[in-house]
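[1] Provided below for reference: sequence and predicted model.
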Amino acid sequence: MTENTQQKEQDAQAQTLGLMRWVGLTYMVGGLFVLWLLDKIILLTWSIFAEPNPTVVSAIALGAAAVSTFIAYKHERLNELVHEVVGELSRVTWPGRDETTNSTVVVIITSIIAALILGGFDAAWSAITDLIYKA
């Protein structure tokens with residue numbers, strides 16, 4: 001194997017490992033969200049019938065979130081979708097600091113101009129309606 005071929009293989013492996021890191025992070029964030037959501041739902045439901053024990057509620061939510069995250073990870077179509085999304089996001093060209101700053105300034109100036117125009121229309125309409133109601 002030539003040195004150039006080995007370097008390409010190492011780069012491909014590094015990129016794959018980098019993408020797998022983001023896929024894993026996606027599942028962890030999803031699992032934490034499910035944990036938080038289940039904790040709130042179980043706590044609310046349990047409080048209807050009796051005083052809930054927060055430790056037991058959190059343990060039940062943790063178990064259910066862990067199982068659901070594992071099932072989601074093993075689901076072939078969902079796993080493929082997550083890999084495709086992460087792959088597409090890795091190819092996105094994100095704007096630099098200067099481009100973001102310039103775009104922010106344009107949005108702020110446009111918002112101010114639109115507010116002034118709408119404020120002018122509002123003032124004019126208010127004056128017209130005051131004339132009509134006072135007459």
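    Here it is on my side, so go on.
[2] So the chain: which segments form each domain?
    1-92, 96-135 (automatic domain parsing).
[3] Confidence-wise, which of those domains is weakest overall?
    Of all the domains of the chain, mean pLDDT reaches its minimum on domain 1-92 (a mean of 87).
[4] Among the domains of the chain, pick out the one with the most neighbours on average.
    Stretch with highest mean neighbour count among the domains of the chain: domain 1-92 (a mean of 12; mean count of other Cβ atoms under 10 Å). Quick note: C-beta positions are derived from backbone N, CA and C, even for glycine.
[5] What ranges does the protein have for its helices?
    Here the chain has its helices, by DSSP state H, at 3-49, 54-74, 76-90, 97-134.
[6] Quick one: distance of the last one to the chain centre.
    Mean-position distance between helix 97-134 and its chain equals 31 Å (Cα atoms, centre = their mean, to the nearest Å).
[7] for stretch 124-135, same thing?
    47 Å.
[8] so how far is residue 26 from residue 18?
    According to Cβ to Cβ, to the nearest Å, residue 18 and residue 26 sit 13 Å apart.
[9] how about the spatially closest residue to residue 43 that is not a sequence neighbour, what does it touch?
    Distances taken as Cβ to Cβ, 6 or more residues apart in numbering put residue 57 closest to residue 43, at 5.0 Å, once the chain neighbours are dropped. Residues near residue 57 by Cβ atoms under 8 Å, 6 or more residues apart in numbering: 39, 42-43, 46.
[10] nearest to residue 69, of the residues you listed?
    Nearest to residue 69 among the contacts of residue 57: residue 39, at 14.3 Å, using Cβ to Cβ.
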